[in-house]
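**Q** Would you be able to build a 3D model of this:
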Amino acid sequence: MRQTIFLVLLLTSIQYSTAQIAVVEESLTDVECFSPTQATVHFREVTTILNEHGAGHATFVCSCSKNDKLTGFKGQVADATGRVIRKFKESELKQTEYSPYLAIDDYKMYLDYTPPVYPVTITYEWTMESHDNLIEFPRFCPQTGYDVSVKKAVYRLTAPKEIAVRHALLNIDKAVTSSDDGKTLILELENLPALKNEPYAKPLRERLPMAYFAPTDFIYYGTKGSLNSWADYGKWEYSLINGSETLPEDIRQEIHQMTDRLKTDREKVAVLYHYLEKTTRYVAILLGIGGQKPAPAADVCKSGFGDCKGLSNYMRAMLKEVGIPSNYITISTTNRRLLKDFASVGQMNHVILQVPLQSDTLWIECTNPQLPMGYVHNGIAGHDAIEVSQAGGRLVRLPEYADSMNLMHSKIHIRIDPNGAANVSLSQDFRNWQYEHNIPILKMDEKERQKTLQQMVRVTQAEIGRMDVSENGATINIDAEVRSQRYATVTGQRLFVPICPIHNGYATPTPFPSRQEDIFLETGYMDRDEITLAIPEGYDIEARPKDITIEQPFGTFRFTMKREGSEIRIQNSQLMKSGTYDKSLYSQFIDFMKTVSGIYGQKVVLKKQEQ
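**A** Have a look, this model is predicted:
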């Protein structure tokens, strides 16, 4: 059963709020499963919206399809005195088929409402009937955003005894109980405090109280399977892809012409990966067995497009043709961890391909073959995944790059004129995650690139004389010449010269009193700067910043500066370490980042020598 969405809510916030915006007075999800193919779900949500910041909680949205029908809806709005000021009928709902998917069976029913006053209490009740798609039941997640508390939430699921139902709890310390006859499972939560959007905390999706429910054995769009384990899940997934890798004869011949003379399997994979890039494009599709079954390889070959499932299966088919085995991998781009002992379809939203070679294992992102072959991008690096093969499913974890390998390496030469003008030569290498972050610059025209570079450098009145951008594997290189008429400040006989023309606008964390959450750094990185500053003839160093080394659990920073002849050599090295750190270190974390920002903004004072 597709997850029914009640409110259009933001799971992230630009500002770190401290005030509560809404209270869920009552949340009821009542599931009645009649058979392996039929169920009805009744929802009731009563929410008090306290101020305009919670206005989004007034909107009603639910997802429907040909297998999920909305069969009843009503709603009302009451003011602070309890007086009903508005009622809603099912006929007022609007339907939209807008979706990021090219093709999809789903549509949404919605009601867009803005309260005229605050506070107001909004009640929505609706019923969904589902058939032939009961691979999982609605997820229980009564707390859907920041600054929202919950007074009472109940999940009730009734099913025939012969239908075994499994469940898993996240961030919930209460147990699921069952009725005397064993047919009904009940989970009740009370007085959940509002969650605050704290800087550098774990994502909201990892903090919310949440419960999953799913049948052990299922019938899904006519297919039968089991979710008793990830191994069983994998067997069902394999049944959906098995036999779909047949290729047209002309394509088979073309593939062999491209690969038969190559000596290694890695070379063959590379050629087919680039062939995939040249001959297909990604489009989002959610059709066929609830969007779980990939299009046959022959269809993707003929049309030239496919979604993550279809493109991965097509690549699998081409590799199979040249004798290279590969595995279909289901993965989530949002959930870093899958529940080890609770197999379910809804935990994953993406498919990639695994190619186990003799000396290496390649993880192939088929939806974006512009990425270097085997590059594990930030949306999947370190994530749990399910390896699907004929033997079934196996829980695996993708590799992730060491923090120090997510590198920005900058080499900068600055030549200062006595009038404060400067010529800056800049060469930067961006690798792995920092490469990925800067990929958009590869697709920019010259004007856009120059504008971007002006935002990247700390140079007053920057004039870009030359800018070259190149890509080599998971590395982007930028070489540029920048002229500034006012790089240094001239005061009498002195030049006040910025020592670092990059790291412009370096961000420092927001203080957050009474912090609740530990510090969470999802991705670590390293910035290394090698800066050469040519001292103008007739000038000498009058004042300079002190060398400094800072060591903290979450990061290190080193700054050194020395004179070599007529040049000043500056080195910065900052390493931020991914991981989770105790919330008691947050003040140290703020101090560390502020200190780094201050060092990047320092100046050296050059004084003209008397003749």
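**Q** switch to C-alpha atoms for all contacts and neighbour counts from now on
**A** Will do.
**Q** what does the helix or strand encompassing Ser312 contact?
**A** Per DSSP states H and E: Ser312 is located in helix 308-321. Contacts of helix 308-321 with the rest of the structure, by CA atoms under 8 Å, 6 or more residues apart in numbering, involve 241, 244-247, 252, 255, 269, 272-273, 276, 282, 284, 293-298, 300-301, 305, 325-328, 350-353, 365-367.
**Q** In this protein, what helix or strand scores lowest on average pLDDT?
**A** For the chain, the helix or strand with the lowest mean confidence is strand 103-104, at a mean of 54 (criterion: mean pLDDT, DSSP states H and E).
**Q** after it comes which helix or strand?
**A** Downstream of strand 103-104, the first helix or strand assigned by DSSP H and E is strand 107-111.
**Q** so what strands line up beside that next one?
**A** In the sheet containing strand 107-111, its partner strands are strand 60-64 (antiparallel), strand 94-96 (antiparallel), by DSSP bridges.
**Q** Select, out of those, the one closest to Leu169.
**A** strand 60-64 (23.6 Å; CA to CA).
**Q** Give me the mean pLDDT for the closest one.
**A** For strand 60-64, the mean pLDDT works out to 93.
**Q** any idea where the helices of the protein begin and end?
**A** Read by DSSP state H, the chain holds these helices, from start to end of the chain: 230-241, 249-259, 265-279, 297-303, 308-321, 433-437, 446-456, 586-600.
**Q** from these, which stretch is densest packed?
**A** Ranked by average neighbour count under the criterion mean count of other CA atoms under 10 Å, the helices of the chain are headed by helix 308-321 at a mean of 24.
**Q** Run the angle between that helix and helix 265-279 for me.
**A** 140 degrees (axes from the mean of the first three to the mean of the last three CA atoms, to 10 degrees).
**Q** Just want the angle from helix 308-321 to helix 230-241.
**A** Helix 308-321 and helix 230-241 meet at an angle of 80 degrees, taking the same axes, to 10 degrees as the criterion.
**Q** Tell me which residues touch Asn432, please.
**A** Going by CA under 8 Å, 6+ apart, Asn432 touches 377, 401, 405-407, 474-475.
**Q** sorry, back to before: closest to Gln574 out of the strands paired with strand 107-111?
**A** strand 60-64 (45.6 Å).
**Q** pull the CA atoms of that closest one into PDB?
**A** The C-alpha trace of strand 60-64 is given here as PDB (Å, rounded to 0.1, in the frame of the first residue of the first chain):
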ATOM      1  CA  PHE A  60      -4.500  18.300   3.100                       C
ATOM      2  CA  VAL A  61      -2.900  15.900   0.500                       C
ATOM      3  CA  CYS A  62      -3.300  12.200   0.000                       C
ATOM      4  CA  SER A  63      -1.800  10.000  -2.700                       C
ATOM      5  CA  CYS A  64      -4.100   7.800  -4.800                       C
END
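**Q** ok, back up a step: and the helices of the chain, which one averages the lowest pLDDT?
**A** Note on those: helix 446-456 shows the lowest mean pLDDT, a mean of 90.
**Q** Show me what it is in contact with.
**A** Contacts of helix 446-456 (CA under 8 Å, 6+ apart): 441, 462, 464, 467, 502-504.
**Q** Closest one of the residues you listed to Pro116?
**A** Asn504 (43.6 Å).
**Q** Can you give me every residue that contacts that closest one?
**A** When contacts are counted by CA under 8 Å, 6+ apart, Asn504 touches 455-458.
**Q** coming back round to it: can you add distance to Pro160 and give the helices of the chain back as JSON lines?
**A** JSON lines is the format used below for these (distance: least, CA to CA, whole Å):
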{"stretch": "helix 230-241", "distance to Pro160": "22"}
{"stretch": "helix 249-259", "distance to Pro160": "50"}
{"stretch": "helix 265-279", "distance to Pro160": "48"}
{"stretch": "helix 297-303", "distance to Pro160": "40"}
{"stretch": "helix 308-321", "distance to Pro160": "34"}
{"stretch": "helix 433-437", "distance to Pro160": "50"}
{"stretch": "helix 446-456", "distance to Pro160": "62"}
{"stretch": "helix 586-600", "distance to Pro160": "51"}
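**Q** and Ala153, which of the ones you listed is closest to it?
**A** Here helix 230-241 is closest among those (CA to CA), at 29.9 Å.
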